[in-house]
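S.K.: show me how the following folds:
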Amino acid sequence: MLSVGEVLLKADPVADLIVQHLPRHAFSSGKFRFNCPLCVARGEARPDQRQRCAVWVGAVSVGYSCFNCSAKGKYEVGGRLSKAMQELMSALGVPEVRIMAAASRAATTARMTAGRTDLPLPSRLVSQPIAPVTASLPPGARPLLDWIAEECQQADLWTVAKYLISRGDDIATATPYYWTPLRDHDLNLRLIVPYLSRGRVVGWTARAAASCVMPKYWSSAISQGFMFNGDVLSMAKRKFVIVTEGP
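M.R.: Model prediction:
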């Protein structure tokens, strides 16, 4: 039987993915207890055989700690998926493609709900639709998160996704990115960054995700005077504007 916390967490797909992969036989005294799958990887000489790993599931969070190797981590509904939680998920057998999809989803949700305390939790977790494209993107281009959510197995996609994640969460969730399997101009190995104006896509640039791809950027034509990310100038709560060379 699911605990109250598990029932509430099932409304969040990231938390639900974690709970799904916990060993069901290990539930007791309000926690999941099982042999820690991380001990050897964290430097312990022997695998845990005394069920020293404990996972607890609360109303809006799931966390774990090991009393042997001191591994610990926590995920809160509406927050980012920490590296520690990703390591546990991998050790529990969650496929890498699903972990990356969960991390992307969590980062996007956290960015959209940052500072929003005026909405009840379920409303804050509703994903916002990507603005309709009003300029031509490369053939076959679709939002990167859509490809990831569908667990596309093309290696080039994951090369691009890993490159984006390597740039940090703030950049990875800054805008809706696109990808296409089209090989013209090595677009299959490029991250497509849209040019947005008032929520509309008016052009794009494709950044190489591998060092062997040249030139580094391949871009569409764009109207003279367009300022990348210029929409932030109209944000009423924006205190500072940081000017850089471009995307």
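
S.K.: contacts, neighbours, all on C-alpha from now
M.R.: Will do.

S.K.: tell me the SS of Ala15?
M.R.: Following DSSP: H, G, I helix; E, B strand; the rest coil, the label given to Ala15 is helix.

S.K.: pretty sure Arg101 belongs to a strand, no?
M.R.: Slight slip there: residue 101 is Ala, not Arg. No. Applying three-state DSSP, one finds Ala101 to be helix, outside a strand.

S.K.: now for it: which residues touch it?
M.R.: Leu145, Ile148, Ala149, Glu151 (C-alpha atoms under 8 Å, 6 or more residues apart in numbering).

S.K.: tell me the one of those residues nearest Pro37?
M.R.: Taking C-alpha to C-alpha as the measure, Glu151 is the one of these closest to Pro37, at 25.0 Å.

S.K.: weed out the non-buried ones from the contacts of Ala101.
M.R.: The neighbour count (16 or more other C-alpha atoms under 10 Å) marks Leu145, Ile148, Glu151 as buried among those.

S.K.: got the contacts of Ala101 as JSON lines, with secondary structure, distance to Gly230 and pLDDT columns?
M.R.: Below are those laid out as JSON lines (DSSP: H, G, I helix; E, B strand; the rest coil; distance: C-alpha to C-alpha, whole Å; pLDDT from 0 to 100):
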{"residue": "Leu145", "secondary structure": "helix", "distance to Gly230": "24", "pLDDT": "88"}
{"residue": "Ile148", "secondary structure": "helix", "distance to Gly230": "28", "pLDDT": "86"}
{"residue": "Ala149", "secondary structure": "helix", "distance to Gly230": "30", "pLDDT": "84"}
{"residue": "Glu151", "secondary structure": "coil", "distance to Gly230": "33", "pLDDT": "82"}
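
S.K.: show me which of the buried ones among the contacts of Ala101 is closest to Ala45.
M.R.: Nearest member of the buried ones among the contacts of Ala101 to Ala45, counting by C-alpha to C-alpha, is Glu151, at 35.8 Å.

S.K.: the closest residue to that closest one other than its chain neighbours and Leu88, how far apart?
M.R.: Nearest non-adjacent residue to Glu151, counting by C-alpha to C-alpha, 6 or more residues apart in numbering: Val97, 6.3 Å away. Distance, Val97 to Leu88, using C-alpha to C-alpha, to the nearest Å: 15 Å.

S.K.: and these two? which has more neighbours close in?
M.R.: Neighbour count, other C-alpha atoms under 10 Å: between Val97 and Leu88, Leu88 has more, with 19 against 15.

S.K.: with adjacent residues omitted, what lies nearest to that one?
M.R.: Leu38 (7.2 Å).

S.K.: report how many residues lie close to that neighbour.
M.R.: Counted with other C-alpha under 10 Å, Leu38 comes out at 22.

S.K.: any idea which helix or strand carries it?
M.R.: Leu38 belongs to no helix or strand when assigned by DSSP states H and E.

S.K.: what residues does it make contact with?
M.R.: With C-alpha under 8 Å, 6+ apart, Leu38 has these contacts: Cys69, Ala71, Leu88, Ala91.

S.K.: again, but for Glu151
M.R.: Val97, Arg98, Ala101.

S.K.: remind me which residues of the chain are low pLDDT?
M.R.: 1-11, 24, 26-30, 59, 113-134, 223-225, 236 (pLDDT under 70).

S.K.: strands of that one, start to end?
M.R.: 27-28, 31-34, 53-57, 61-66, 72-76, 142-143, 178-179, 190-197, 200-208, 217-219 (DSSP state E).

S.K.: only alpha carbons, please: show the second one as CSV.
M.R.: What follows is strand 31-34, C-alpha atoms only, in CSV (Å, rounded to 0.1, in the frame of the first residue of the first chain):
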residue,chain,number,x,y,z
LYS,A,31,10.9,4.2,4.9
PHE,A,32,12.4,2.1,2.2
ARG,A,33,15.5,0.3,3.6
PHE,A,34,17.8,-1.7,1.3
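
S.K.: quick check: beta-bridge partners of the closest residue in space to Ala206 that isn't next to it in sequence?
M.R.: Distances taken as C-alpha to C-alpha, 6+ apart place Ile192 nearest to Ala206, at 4.2 Å, with adjacent residues excluded. Per DSSP bridges, the residues bridged to Ile192 are Tyr178, Ala206.
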